[in-house]
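K.L.:
can you look at this prediction? I've put the sequence above it.
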Amino acid sequence: MARVFKRKDRLVAMSEINLTSLMDLVFCLLIIFMITTPLLEQTIPVNLPLQTQNTSKRDEKQKFQVVSVDKQGAYFWGKEPVDGIKLQSLLKELATQPDPPTVNLRGDAEAQYKYIIDVQDMMMQAGLTKISYDTKVK
């Protein structure tokens, strides 16, 4: 049976749902989520060193503060670039907290070893003892 587009009585309510606008809304939301999902996790691009097997289990309640070192030796506090003096003051400020979070050190595999050891020394001088090193698993 063919659909009739002319209604005899214009005052009678239409009993059919117009799905075209709903489908447009669904596709629009789908596109928005597809674009924004990759942008949710933005970290500093660091080529992490390889590890043979991931044996440690992460405590989900533990708080972490990320410190990154890129291959040029630049320091990052989370996503914010900082210099060595600012990083040292931030680490000292972090150590004054009653329960300081674990410092998650992310060093680029191509970075000189000196830069990562410098950050580790700053942590030790500040009194931070909970350190985690990020690596890739083979």
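P.N.:
Sure, I can see it. Keep in mind the model is a prediction, meaning the values are calculated, not measured.
K.L.:
got the phi/psi numbers for residue 131?
P.N.:
phi -130, psi 140 (degrees, to the nearest 10).
K.L.:
relative to residue 22, how far out is the closest residue to it other than its chain neighbours?
P.N.:
What sits nearest to residue 131 in space, not counting adjacent residues and going by CB to CB, 6 or more residues apart in numbering, is residue 103, at 5.3 Å. Glycine gets a C-beta too; all of them are placed from N, C-alpha and C. Distance of residue 103 to residue 22, given as CB to CB, to the nearest Å: 49 Å.
K.L.:
the more surrounded of those two?
P.N.:
residue 103 (23 against 10; other CB atoms under 10 Å).
K.L.:
which element is the more buried one on?
P.N.:
Taking DSSP states H and E as the definition, one finds residue 103 inside strand 102-107.
K.L.:
what's the helix or strand just after that strand packed up against?
P.N.:
Proceeding N to C from strand 102-107, the next assigned helix or strand is helix 113-126, under DSSP H and E. In terms of contacts (3 or more CB pairs under 8 Å, 6 or more residues apart in numbering; DSSP states H and E), helix 113-126 is packed against strand 64-69, helix 84-95, strand 102-107.
K.L.:
list the buried ones in the longest one?
P.N.:
Of the residues in helix 84-95, those buried under the neighbour-count criterion (16 or more other CB atoms under 10 Å) are 87, 88, 90, 91, 94.
K.L.:
for those, give me a markdown table that also has distance to residue 67 and pLDDT.
P.N.:
Shown next, in a markdown table, are the buried residues of helix 84-95 (distance: CB to CB, whole Å; pLDDT from 0 to 100):
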| residue | distance to residue 67 | pLDDT |
| --- | --- | --- |
| 87 | 7 | 89 |
| 88 | 11 | 90 |
| 90 | 9 | 90 |
| 91 | 8 | 89 |
| 94 | 10 | 88 |
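K.L.:
separation between residue 16 and residue 22?
P.N.:
Counting by CB to CB, the gap from residue 16 to residue 22 is 13 Å.
K.L.:
low-confidence ranges, the protein, go.
P.N.:
Residues of the chain that meet the criterion pLDDT under 70 lie in 1-12, 14, 41-43, 48-49, 51-60, 136-138.
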